[in-house]
Every structure is written in structure tokens, then in C-alpha cells.
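Participant: Would you be able to build a 3D model of this:
(chains A and B)
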Amino acid sequence: MIALIRTEFTKAATRTRTLIIALLLVGLPTLIVVAINARGDRPDRGDRGEGLFRLAKQSGLLVPAAVLSVTSGFLLIVIAGTLAADSVASDSSWGNLRYLLMRPVSRGRLLVAKAFVAGALIWAATILVTIAALIAGIILFGVHGATVPGVAGIAGGFHLSSGALLLRVVIATAYVAFGFTALLAIGTLFSTLTDTAASAIGATVGVYIVSEILDSISQLGVARYAFPTHYLSAWETMFTQNTYSQDMVAGIVVQLVYAVVFGIAAVTYFQRKDIRS
Amino acid sequence: MAEAVVEVEGLWKAFGDVSAVEDLSFSIERGQVYGLLGPNGAGKTTTLRVLMGLERPTRGSTRLFGSTVTPSCNELFRVGAMVEQAAFVPHLSGMRNLRLWWEATGARMKDADLDGALAIAGLGDAVHRKVKTYSQGMKQRLGFARLLLGRPELLVLDEPTNGLDPGEIREIRELIGRLTSAGATVLLSSHHLNEVEQVCSHALVMNHGRLITSGTVSELIGTTKSIYIEVDPADRVRAHTLLSTHPHVADVQTQGDGLVMEMRDGQRSDVAALLVNAGLRLETIMPTQGLEDAFLDLLAAGDAADAGGNTVGASTTNRSEVVS
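Facilitator: Numbering: from 1, shown residues only, chains lettered A, B, ... in the order given. Just a heads-up that it's a prediction; the model follows:
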């Protein structure tokens, strides 16, 4: 298994596309931090992550939270979807998959290795965003604790020390990365269904976009709790309300359920599939 | 009895309502160079895919070295295969591709015949370039290097010269020739008849997924009924008379320095024996056509049998009787 993982990691990590993603994930947080610095103290318009953006100038340790808030809603989804859905489909489109499978390489183990590598790269991408944001934030805003103002009649304000902020940044990063577990499983399944990488990526990202759209329709009620995107931003309460939301636990459970269901479906289908590419 | 390296028994493979292979049976013994002949869509590649565990048979079985083929079975270690065109990870070098492919199973590179494979592929320093810069011929040669890394006992080659220019085709054929000379058992799928005629000892002809006939290449060519004969010029008239009255011979014509005869049935060896036993000095006896003509005749006869309502099995039996 280790040999397979090493092989798959080499193939995935050495692609030009992976380098471009890495550059994007370093460059974008830097741009965001520069934008936060240039923004001044204009009034909050209530945009996604706006609260975190407003707070971010207090401390460089808050910048990763603001950056994760905006990137986890689309950019990281696209990147994670690409890494997951491309895992098998890229080998199929190159015509290389049959050569891997004309050796005594278990299909189940190969798929697990590919999913593991895709998952590792998704985690690496998320961590890279955090580190880039952290470095840029610290350079521009320094390392301080932060005070979150209260909301009149709803909640009081609170102060977070540097240590608490750093711990919560680590937890947020891990939660965001783990939040793509369902995406990883869905993408891996789609990757086995088609020989075209673009189709698999499009379908995977499409599922998440549809999930986000449906999740915004409150009339769907409790059904929304089962959507893979529903709890993606549950971690933000650590910074805005000083609480570790129960939704984070629910989010982890939902991700695990998707991972098991779609993971088993992917392995089962791949083991029975006629390899024609 | 020689060991059967490949055994295919009653193989059927269907995709939905479409049958790609129907009731195909054949076996290959160690050391044979076996051609799998058929037009595009005959079911050759599907047969090879099932044999390599890439596809599951709808019915029937395939065995390698006596063991039933399943996806990822251990017998695949003993096989070097190139199914359709050679394909690689394009952004990696040829050498990196070879290493990753070999090490994916946990095998150690020192156990591979890397130097021998690279020598046969003959890519030189180009093996360190990214594969996406390779010509199709270079990819095919790298494909040969890959399949030879494990010193395979059986080579499975599917249209190995497809898409190549004449120079590259010659190189690949010479390479196959060297491998077969070294004693490798080979299953070569092709619709290039001269390729099979040059390198194969045995061949199987299939069309529409079904076996048309099989046998040694010389037997297949021998199934053609038009034969060219040269005897000593002094014996030519007598030979003409002898052949004209022979019950196996339908017609005899003079052509240049020889005679062209059309046989009703029987073998070339019957004719040769007739002439030699009559004391004639036989100088040449050969079919007027090569494998290509025989192949086309066989396909046409198979189609005619199908149109006439004959079962393929009956058709196959008849042809087997002719060639065996």
C-alpha cells in the first residue's frame, strides 16, 4: 500500500496543475490580506465572512479565519473537487489505468491509495491557505489577542488571547479540511464512473454547488442538515461567538456518513468495472 | 504434452445486447508465437482485455499458466502486455514512468531488468525526457521496455505497430522478432496480415466476435485452393496430364514456366506426393496467395456461411477439419 501511495503521490504532486494550485493558494491569501489592510474601517455590509474580515485587522492570527471563510465557500471546493475527481479519471484519460491494472495491483487498494493521496493534497491545500494567510497577516497586523464586540441584546463581547486564537485557527483549518471528506468520497466515485477527468470534476463540484444552493432554501427544513455543505462554516462561531458549536460535531458526522456511503460505492463499482480506457 | 500458457474456453463477452466475443476457445502452448487475426471490431482487443483481467467474461473462462484469470491475479506478474497503444503519465519522464509502474506493486527496482529493457527500447537519453514530448513510436518502444521489465514468460501484444510510420513499424517488428527468437511465448493481435505471417507460428482468425479458424500459419495459407507448381520443363506436359485427371484437382492452367491449379479439396502435400511418386522433378509448389488472401477468403466464407444459416460452430468445425 505504501508503494502505491508513493506512486500516486508522485504522479499527482508533480503535475503542473498542482504547482499552479499551490501558487494560487499562497497568492490569494496574500492579496486578501492586502485588501483587508487597504479596506480601512468602512461599515460592515454583512457579506459572508465580513465579520471576520472586520476583526482581522486586530491580529494577524485572525487573518487565516477570514481567508478560510471566503475560500472554503468556493475556491477550496473547486480545488478539492479537482483533486478528488481527477484521481482515477486522469489515469483513464491518459490510457494509463489499464497498464496499472494489468499487474497484480488490487483495484480496491489502488482506489484507496488514490483517495488517500487526493485527501492528503486537499489537507495540504487547506493548510497552505492558512499558513499563507497567517504569515501575511502577522507581517501586516502583528501577533495580538483580539476583542470581539458584543451584539446589543444578543451577546456580550469577549477577548481571545493569542494562544486561543492560534488554537482556534488550527481547529478551524482541520475542520475545513475535514469538511471536504464527503467531497473526496463523491469525487472518487465520480472519478471511477467516467474516463474524462473534466466530467468527473464538473460533476463533483456541481454536486457541491447544488448542495449550497439547496442549503440556502430554508423551506427545505431539516433535510438541509443532510447536505454535505450545511455545516461547512460551523467553525466560524469559535471566532464570532466564542463557542465550539455542536454543529461542528454534526458536520463531522455528516462527512463521515458521506465518506462511508460513497467510499463503499466507489470501491464496489471500481472492482466490478470493465476497464476499457 | 506441452504446457498451455493461455487457455480460453467458451468465452463470451457482451456489452448490453451487443456480443463482442461469442463462444471463443483456443489455447497457446509455451514457445508458440500466436497471431490473433481479425478485422476491426472482430473482438480481438476485448479477448485480450478479458485475458488480462481488465474485463470480466460474461460466460466461459480464461486461464494463464493454468490459473483462472481474475482482476489483479498473481499470474499477471508473468505476463508483459501492451493492450492498444502504449500509454504513460505524460508529465513524467520515460524513466520515471518505468520506475513508478514497476514499484507500484511494491517490487524493488533492482529486481527489474531495467538495463535489458532499455537496451531493447533503444531510446537513449530520451528516456529521461517527459513522455509528452515523445512520438508515438517512442511511446511504443517505451511500452516494450515496460512490458519487458519483469522478464515475462508471455507477451501479449495488441496491434503493436498501429499508428507508426514505416520506419517505426520495421523497428517494432524487428524487436518482436528478437523477442520471439529468444523463446518468448507471444500472443499478437493484429490486422496486419504480413506482420502475423512474418512473426507468428500459429494464428487464429476471428470475425464478429467468433472463431473462424485456427492452426499454423502455413496451414491457414494452405487452405487456399489455388496452387502454383513448377516442374522440370521436360515434365511439364506430363504433370499437366496427371493433375488434370486427379480427382482433387478442379482445373489446371499453364502460367509462364509453371502450372496453376485449382484444388477441389485435399492438401498441397497430396499433389506433391502425386508428382514425386510419378517420378517428376518437382521444383516449386506454393500457394498463389499469401496469408492476406487466405484471410480475406476465410472471412468471406464465414460471412457466406452466416448468411446461409449455418451456425458458426459448424463452419468452424469444417474449417478445422481442413486445416488440421
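Participant: going forward, measure contacts between C-alpha atoms and count neighbours the same way
Facilitator: Noted.
Participant: now the helices: where do they sit in chain A?
Facilitator: For chain A, helices defined by DSSP state H occupy the ranges A:2-13, A:16-39, A:50-56, A:63-71, A:75-94, A:97-101, A:107-141, A:162-178, A:181-193, A:197-215, A:237-240, A:246-272.
Participant: I'd like those laid out as a markdown table, including distance to B:A104.
Facilitator: Compiled in a markdown table, the helices of chain A are given as follows (distance: least, Cα to Cα, whole Å):
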| stretch | distance to B:A104 |
| --- | --- |
| helix A:2-13 | 5 |
| helix A:16-39 | 21 |
| helix A:50-56 | 46 |
| helix A:63-71 | 35 |
| helix A:75-94 | 14 |
| helix A:97-101 | 8 |
| helix A:107-141 | 9 |
| helix A:162-178 | 28 |
| helix A:181-193 | 19 |
| helix A:197-215 | 22 |
| helix A:237-240 | 43 |
| helix A:246-272 | 18 |
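Participant: for the stretch 101-250 of chain B, which spans come out with low pLDDT?
Facilitator: B:163, B:221-225 (pLDDT under 70).
Participant: at 50 instead, please
Facilitator: For the stretch 101-250 of chain B, applying pLDDT under 50 flags no range at all.
Participant: Name the residues of chain B found near chain A, please.
Facilitator: Residues of chain B lying close to chain A by Cα under 8 Å from any Cα of the partner chain are B:52-56, B:71-77, B:81-82, B:86-92, B:100-101, B:103-106.
Participant: Can you say which of the residues you listed are buried?
Facilitator: Among the residues of chain B next to chain A, those scoring as buried are B:52-56, B:71-73, B:75-77, B:81-82, B:86-92, B:100-101, B:103-105 (criterion: 16 or more other Cα atoms under 10 Å in any protein chain shown).
Participant: Which of the residues you listed fall in helices?
Facilitator: Those of those lying in helices (DSSP H): B:L100, B:W101, B:E103.
Participant: So the last one is in contact with A:I2, correct?
Facilitator: If I follow you right, that is B:E103. No. Here B:E103 lies out of contact with A:I2, judged by Cα atoms under 8 Å, at a distance of 10.2 Å.
Participant: which residues touch residue 263?
Facilitator: Since no chain was named, I'll use chain A. Contacts for A:G263 were tallied using Cα atoms under 8 Å, 6 or more residues apart in numbering or on different chains; they are A:A185, A:I186, A:T188, A:L189.
Participant: my bad, the chain I had in mind was chain B
Facilitator: So B:M263 contacts B:K225, B:S226, B:I227, B:H248, B:V249, B:A250, B:D251 (Cα under 8 Å, 6+ apart).
Participant: which of those count as buried?
Facilitator: B:K225, B:S226, B:I227, B:H248, B:V249, B:D251.
Participant: And the helices in the stretch 201-324 of chain B?
Facilitator: For the stretch 201-324 of chain B, helices defined by DSSP state H, counting those that start in this stretch occupy the ranges B:217-222, B:236-244, B:268-277, B:291-307, B:312-323.
Participant: hmm, I was thinking of the stretch 1-150 of chain B
Facilitator: Under DSSP H, counting those that start in this stretch, the stretch 1-150 of chain B gives helices at B:44-51, B:94-103, B:114-121, B:136-148.
Participant: mind checking which of those helices is nearest A:A197?
Facilitator: With Cα to Cα as the measure, helix B:94-103 is the member of the helices of the stretch 1-150 of chain B nearest A:A197 (20.2 Å).
Participant: quick one: low-confidence parts of the stretch 1-150 of chain A?
Facilitator: For the stretch 1-150 of chain A, the ranges with pLDDT under 50 are A:46-49.
Participant: Residue of the stretch 51-200 of chain B nearest chain A, please.
Facilitator: Relative to chain A, the nearest point of the stretch 51-200 of chain B is B:S72 (4.0 Å; Cα to the nearest Cα).
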